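S.K.: how would this look folded up:
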Amino acid sequence: MKITVNTRNVEKIISKLDLTPKQVAQVSKLASNRVINMTKTDMKRKVREKYTAKAGEVAGSMSVIKSPIGGIIKSSGTPLPLTAFKLNPAKVVRSKKKLTASIKKGGLKPISKGFLIQKGAFQRKTDKRYPIKLLHGPSSPQMLGEQSILDDIEEKVMENMEKRITHEIGRILK
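M.R.: Modelled structure (predicted):
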């Protein structure tokens with residue numbers, strides 16, 4: 001999943017002002033770099049509003065590529081282990097307490113035949129001791145790629161870009 005910030009249209013608007021080409025490039029670069037950082041933060045926040053994933057797990061899958069005319073925020077990765085989400089019990093305990101998990105916010109759901117050890121949350125496939133399987137939730141790109149999150153982010157990018165361009169023009173013209 002990628003989000004691209006492009007400043008080509010903004011450069012046309014800036015060039016109509018009384019700025020040198022060097023200043024236009026500087027405004028474009030500074031504004032786009034700031035918007036990219038703000039967008040990455042907003043993306044993490046939006047995921048945390050809907051999912052119980054730990055912020056570090058989401059941030060770890062995101063990389064930023066900056067350029068003078070925009071940038072790219074790229075998210076890649078495999079499904080996150082269930083331990084990256086809200087679990088109860090949260091730590092390994094020796095009791096027979098049922099394992100419950102919550103991937104999306106809204107409440108814990110029981111996991112039948114589930115148990116927690118130091119290597120992660122597992123589930124027995126049968127009533128016997130083995131075989132077992134490691135439990136996973138969605139990957140960061142899946143969570144970030146949800147349409148409602150993308151719509152909110154896209155709206156916010158345009159809004160932030162306008163604010164940053166105005167700010168940078170004002171700063172350079174001082």
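S.K.: rest of the way, CA atoms for contacts and neighbours
M.R.: Noted.
S.K.: flag every buried residue along the top helix by length along the chain.
M.R.: If you go by DSSP state H, the chain has its longest helix at helix 21-50. Of the residues in helix 21-50, 23-33, 35-36, 39-40, 42-44, 46-48 count as buried by neighbour count, 16 or more other CA atoms under 10 Å.
S.K.: name the element T126 belongs to?
M.R.: Using DSSP states H and E, T126 maps to neither a helix nor a strand.
S.K.: for it, give me phi and psi.
M.R.: Per-residue torsions, T126: phi -130, psi -180 (degrees, to the nearest 10).
S.K.: quick one, what contacts it?
M.R.: Applying CA atoms under 8 Å, 6 or more residues apart in numbering to T126 gives no contacts.
S.K.: roughly how far does it sit from K113?
M.R.: T126 is 8 Å from K113, where distance means CA to CA, to the nearest Å.
S.K.: please apply the same query to L82.
M.R.: Counting by CA to CA, the gap from L82 to K113 is 15 Å.
S.K.: the two - which one has more neighbours?
M.R.: L82 (21 against 14; other CA atoms under 10 Å).
S.K.: just give me the neighbour total for the residue nearest to the more buried one when sequence neighbours are not counted.
M.R.: In space, and not counting its chain neighbours, L82 is closest to H136: 4.8 Å by CA to CA, 6 or more residues apart in numbering. By the criterion of other CA under 10 Å, H136 has 18 neighbours.
S.K.: what bridges to H136?
M.R.: H136 has these beta-bridge partners by DSSP bridges: P81.
S.K.: show the average pLDDT along the helix or strand hosting N160.
M.R.: N160 belongs to helix 147-173 when assigned by DSSP H and E. Regarding helix 147-173, the rounded mean pLDDT is 87.
S.K.: try stretch 90-104
M.R.: 83.
S.K.: how long is that stretch from one end to the other?
M.R.: 16 Å.
S.K.: check stretch 69-83 too.
M.R.: 39 Å.
S.K.: average model confidence for stretch 31-45?
M.R.: Mean pLDDT, stretch 31-45: 91.
S.K.: tell me which residues of stretch 148-155 are tucked away?
M.R.: For stretch 148-155, the neighbour count (16+ other CA under 10 Å) marks I149, L150, I153 as buried.
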